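Participant: I'll drop the sequence and a predicted model, then ask my questions.
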Amino acid sequence: MRVAVVFAPERADTTLTAMARELARALQAKGHFVDIAEAKSGEAHRLTGYDYVIVGTAPVGLRGNIPPRLGDFLAQSGALQGKRAMAFVRKSGLSSAKALKRLMTVMESEGMIVNYAVIIASIQDAAEAARGAPLERN
């Protein structure tokens, strides 16, 4: 299965980057073909050809906002209607749950079907989240 892992750090966030890489490594160990992409302003990465898309970020500020460029990135990433997806947020204080909800809202506004959402506290938790992701259709 072709899987895309997209992550959007607000600043240089080595933990979020390591989490995205660990998700990819764990999925590759299960035999999936995985690409990683950082969501950058003004850049588009076509996600249409992937069977499953994983999108992650970290909360911005105390209100649980997400980076605004993430919505722009997804809007420019091709046809995402009906695309099965996972949302993840790096745990950061009390705003992680709000950030996860906002991330899911942005993804669903692009037509994605978020069938798994998780707050990840550590790199080890990222591997566990990858193992729990429902990539295969039942």
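Facilitator: Looks like it arrived, so ask away.
Participant: need the strands for the protein, in chain order.
Facilitator: 2-8, 33-38, 52-57, 84-90, 113-120 (DSSP state E).
Participant: mind putting these in JSON lines, distance to Met107 included?
Facilitator: C-beta here means a position set from N, CA and C on the backbone, and glycine is covered the same way. Below are those laid out as JSON lines (distance: least, C-beta to C-beta, whole Å):
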{"stretch": "strand 2-8", "distance to Met107": "10"}
{"stretch": "strand 33-38", "distance to Met107": "15"}
{"stretch": "strand 52-57", "distance to Met107": "6"}
{"stretch": "strand 84-90", "distance to Met107": "6"}
{"stretch": "strand 113-120", "distance to Met107": "5"}
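Participant: next, format these as CSV and append mean pLDDT.
Facilitator: Formatted as CSV, the strands of the chain follow (pLDDT from 0 to 100):
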stretch, mean pLDDT
strand 2-8, 94
strand 33-38, 93
strand 52-57, 95
strand 84-90, 95
strand 113-120, 95
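Participant: just name the most buried of these.
Facilitator: Of all these, strand 52-57 has the most neighbours on average by mean count of other C-beta atoms under 10 Å, namely a mean of 27.
Participant: how about the CA coordinates for it, as CSV?
Facilitator: Output in CSV follows, covering the C-alpha atoms of strand 52-57 (Å, rounded to 0.1, in the frame of the first residue of the first chain):
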residue,chain,number,x,y,z
TYR,A,52,-3.6,6.3,2.8
VAL,A,53,-2.4,9.8,4.0
ILE,A,54,-1.1,10.5,7.5
VAL,A,55,-1.1,14.2,8.5
GLY,A,56,0.6,15.5,11.7
THR,A,57,1.5,18.7,13.4
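Participant: what's the angle between that strand and strand 84-90?
Facilitator: If you take axes from the mean of the first three to the mean of the last three C-alpha atoms, to 10 degrees, strand 52-57 sits at 20 degrees to strand 84-90.
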